[in-house]
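Enquirer: have a look at this fold, sequence not included:
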């Protein structure tokens, strides 16, 4: 079974600054997706960014980028030019693409990191 | 299309009572997932459907839990004889396709359950 670990329960950043959230995962599979989801208080989970494991190039979505290190099984999220609206719980998630496995298609989440943005 | 919707958003019930949550996925999404999330934790997988077929159930889903998706559209999650440990947010999600590349999973806002 796959596991996802987020070792930072809480992080804070000043508005307009850059912050990096850490995530490590454990898997024996070679084919998978990794995601970062954002969950604001009392609001729904929103996809921030995704990375295909077969791609060496790190994914980027506007102010959000990842540092994907497949060999190290590391997947960190960098938020540049932080905004007050970025404050939320952030979850790293793994999605198996192994069609023969029981985990196929579903997401496995880390414990989450609460991000606070100070004005 | 307004996304994944869940009802009710909040439910307070007495221990021992039965509760039912409903999820309406995004139209034409054939996969539907249920997750449970407790405060300060990440969501944990409970079960999922492909169309009307329930393909997998987590060991977290005890015999008191049952989920259905009768016509491959909306789904219900029923908890019988609720216990205080069932207090959590129950998240529904849906996706189009069988989980291959590019099939994003979209989440609803969740249904909060408090058992007193």
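Expert: Happy to help now that I have it. Since the model is a prediction, treat every value here as computed from it, not as a measurement.

Enquirer: now do the same contact list for residue A:11.
Expert: Applying C-beta atoms under 8 Å, 6 or more residues apart in numbering or on different chains, we find residue A:11 in contact with A:19, A:21, A:113, A:114, A:115, A:116. The way it works is simple: take the backbone N, C-alpha and C, and place the C-beta from them, glycine included.

Enquirer: ok, the residue nearest to the first one when sequence neighbours are not counted - how many residues close by?
Expert: Beyond its immediate neighbours in the sequence, the residue positioned closest to residue A:19 (C-beta to C-beta, 6 or more residues apart in numbering or on different chains) is residue A:13, lying 3.8 Å away. Counted by other C-beta atoms under 10 Å in any protein chain shown, the residues lying close to residue A:13 total 19.

Enquirer: low-confidence stretches in the chain?
Expert: In the absence of a named chain, chain A is used. Along chain A, the model assigns pLDDT under 70 to residues A:98-105.

Enquirer: wrong chain, I was asking about chain B
Expert: Checking chain B against pLDDT under 70 turns up B:1-2, B:97-102.

Enquirer: what parts of it come near chain A?
Expert: Residues of chain B lying close to chain A (C-beta under 8 Å from any C-beta of the partner chain) are B:3-4, B:31, B:33, B:35, B:40-45, B:48, B:56, B:91, B:93, B:95, B:98-101, B:103-110.

Enquirer: among those residues, which ones are buried?
Expert: Buried by 16 or more other C-beta atoms under 10 Å in any protein chain shown: B:4, B:31, B:33, B:35, B:41-43, B:45, B:48, B:56, B:91, B:93, B:95, B:99, B:105-110, out of these.

Enquirer: mind checking which of the residues you listed land in strands?
Expert: The strands in this structure, assigned by DSSP state E, contain B:31, B:33, B:35, B:45, B:48, B:56, B:91, B:93, B:95, B:106, B:107 from those.

Enquirer: ok, which pair from those residues is furthest apart?
Expert: B:56 and B:106 (19.1 Å; C-beta to C-beta).

Enquirer: ranges for the helices of chain A?
Expert: Assigned by DSSP state H, chain A shows no helices.

Enquirer: near chain B, which residues of it show up?
Expert: A:4, A:6, A:33, A:37, A:42-47, A:50, A:52, A:91, A:93, A:95, A:97, A:102, A:104-112.

Enquirer: any of those buried? List them.
Expert: Buried members of the residues of chain A next to chain B, counted by 16+ other C-beta under 10 Å: A:4, A:6, A:33, A:37, A:44-45, A:50, A:52, A:91, A:93, A:95, A:97, A:104-112.

Enquirer: just the helices in chain B please.
Expert: According to DSSP H, chain B contains no helices.

Enquirer: from the contacts of residue A:11, which is closest to residue A:70?
Expert: Nearest to residue A:70 out of these is residue A:21 (C-beta to C-beta; 18.2 Å).

Enquirer: my guess is the closest one contacts residue A:90. True?
Expert: Yes. With contact defined as C-beta atoms under 8 Å, residue A:21 counts as touching residue A:90 (5.5 Å).

Enquirer: much appreciated, bye for now.
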